[in-house]
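> coordinates for the following, if possible.
(4 chains)
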2 protein chains.
Amino acid sequence: MRPQGPRNTRQRILEAAETAFGNEGYSGTRLHHIAERVGVQKASLFHYFTSKEHLYCAVLDEGAGQAEEIVKHVLESEGEPIDKIRALLRVCIDMVVTYPERTKIQLRQSLGDAPPGFQPTDASERMLCLVADLVASDELAKSLSPIDPFAFVLGLMGMVAFFFTSGPVVAPSWFGQQDAASVRDRIERHVNEVMERCLDGQSHAAKSSAVL
Amino acid sequence: MRPQGPRNTRQRILEAAETAFGNEGYSGTRLHHIAERVGVQKASLFHYFTSKEHLYCAVLDEGAGQAEEIVKHVLESEGEPIDKIRALLRVCIDMVVTYPERTKIQLRQSLGDAPPGFQPTDASERMLCLVADLVASDELAKSLSPIDPFAFVLGLMGMVAFFFTSGPVVAPSWFGQQDAASVRDRIERHVNEVMERCLDGQSHAAKSSAVL
DNA sequence: GTCTATATAGGGATAGAC
DNA sequence: GTCTATCCCTATATAGAC
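Residues are numbered from 1 along each chain as shown, chains lettered A, B, ... in the order given. The predicted structure follows:
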């Protein structure tokens, strides 16, 4: 999935930066480390990017572009809405598993981790809306009953991101001594099950309101 | 809910630090800012805490202690398991809403944001296990069918944390021009509904496996 | 396009007066 | 217990040779 073959220095810097920003955060990332990993001197980075902030933004753009492409591809494909939803969950998990650091960057950013003068785009929100619109389409809306389509999408996405990035740290024993493939499989099955139960569950408003 | 009344300097430093570490991350936090917010000089912080790392750990301990207390209180109360689960979800949301920065710190930490030599405790995992054990109790296990109790708890927790901390940044328009109370209400209803549908949904293994 | 060397700033931490 | 002043290190960024 990840692009292979010989990459130019710029590309290798971008990849090293993605790893660093994801694992260390924006402030925690040292350009020195990025240069080290690429195998060049720190000063060389400034030949490709004018500043740390510029590098950060370039990493972000790269990721956002790919994500948008993939989601649109699914949305524009042939098929029933319900199948598209299932496919979207799958590609979402694919993205998170293939680019864990990228996911971490996005999570960090949503916690406020970004360069001082950084302006977040509404690209991710527009994508969320597209998916939410699909969920709200006639057929699905019936089975969803009173669940807010947008909250449904946002919540599942958050759950997926949390499982793969935070999960291993919060609950190492559960993820434990297993290979990445079977961990992914377990999580994927679980999230799928949650989604399906949400999708064709009847309203439990009676129970829910009894709780309040 | 938040302790009121006159607080000593130490306490005010801890609170300011919690805010800073949550919003800026460990590396992004400047001791200068914390001192500023408290209204003392930077050097004064070192009278109470020997280092930035020490301060960070103190903030963490404070939060972990309170959380453990609250969860244990619910677990040891009288009542049906199902009602305890509902109560736990409620207190979890309470915690996140009351101490958003504390939640952010925990999320950040699970992404790898911590002092260089920091050793995470397994306190949160032990708590998760206690709750998962409750979910796995005879009565509940039946209705849960093939859902992994631990994944169930972990996933819901992640969803709640994500909704309140990342949600407003990722999807500002959805949280939009509403007061905090109604936003909380919407999210709480949604997560409750998801939980209920998971709890009494039948297995959809047939459907799920068709997806794979 | 990559290097060495250096400028500049900012932040954590300490010393010591009050 | 709080302050002022300062040390020391590290990190971003620049200059200029090759």
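> any weak-confidence spans in chain A?
For chain A, the stretches with pLDDT under 70 are A:1-6, A:201-212.
> what does chain A put close to DNA strand D?
Taking CB under 7 Å from any atom of the strand as the contact definition, chain A meets DNA strand D at A:29, A:30, A:31, A:32, A:42, A:43, A:46, A:50, A:51, A:52, A:53. C-beta here means a position set from N, CA and C on the backbone, and glycine is covered the same way.
> out of these, list just those in helices.
Among those, DSSP state H puts A:31, A:32, A:42, A:43, A:46, A:52, A:53 in helices.
> buried subset of these, written for PyMOL?
Burial among these is assessed by 16 or more other CB atoms under 10 Å in any protein chain shown; the matching PyMOL selection reads:
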select buried, chain A and resi 31+52
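> can you redo the ones in helices among the residues of chain A next to DNA strand D as TSV with distance to residue B:156?
Converted to TSV, these look like this (distance: CB to CB, whole Å):
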residue	distance to residue B:156
A:31	39
A:32	41
A:42	44
A:43	48
A:46	46
A:52	37
A:53	36
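> which among the ones in helices among the residues of chain A next to DNA strand D gets closest to DNA strand C?
Distances from DNA strand C to those, taken as CB to the nearest atom of the strand, are shortest for residue A:43 (3.3 Å).
> now the residue nearest to the spatial centre of chain A. Nearest residue, chain neighbours left out?
The centre of chain A sits closest to residue A:103, judged by CA atoms, centre = their mean, with a distance of 4.4 Å. Leaving aside its chain neighbours, residue A:103 sits nearest to residue A:96 (4.8 Å; criterion: CB to CB, 6 or more residues apart in numbering or on different chains).
> now the one you found: which helix or strand?
Residue A:96 belongs to helix A:81-98 when assigned by DSSP states H and E.
> buried set for that helix?
Those would be A:81-82, A:84-90, A:92-93, A:95-97, for helix A:81-98 by 16+ other CB under 10 Å.
> so which of these comes closest to DNA strand C?
Using CB to the nearest atom of the strand, the buried residues of helix A:81-98 come closest to DNA strand C at residue A:95, 29.4 Å.
> tell me which residues touch the closest one, please.
Residue A:95 sits next to A:66, A:67, A:70, A:102, A:103 when contact means CB atoms under 8 Å, 6 or more residues apart in numbering or on different chains.
> find the pair from these with maximum spatial separation.
Pairwise distances across those (CB to CB) peak at 13.7 Å, for the pair A:70 and A:103.
> rewinding a little: any idea how far residue B:76 is from the residue nearest to the centre of chain A?
37 Å (CB to CB, to the nearest Å).
> so residue A:128 makes contact with residue A:151?
No - using CB atoms under 8 Å, residue A:128 is not in contact with residue A:151; the gap is 10.5 Å.
> list the contacts of the residue lying closest to residue A:110 once chain neighbours are set aside.
Distance criterion CB to CB, 6+ apart; nearest residue to residue A:110, sequence neighbours excluded, is residue B:166 at 3.6 Å. Applying CB under 8 Å, 6+ apart, we find residue B:166 in contact with A:107, A:110, A:111, A:158.
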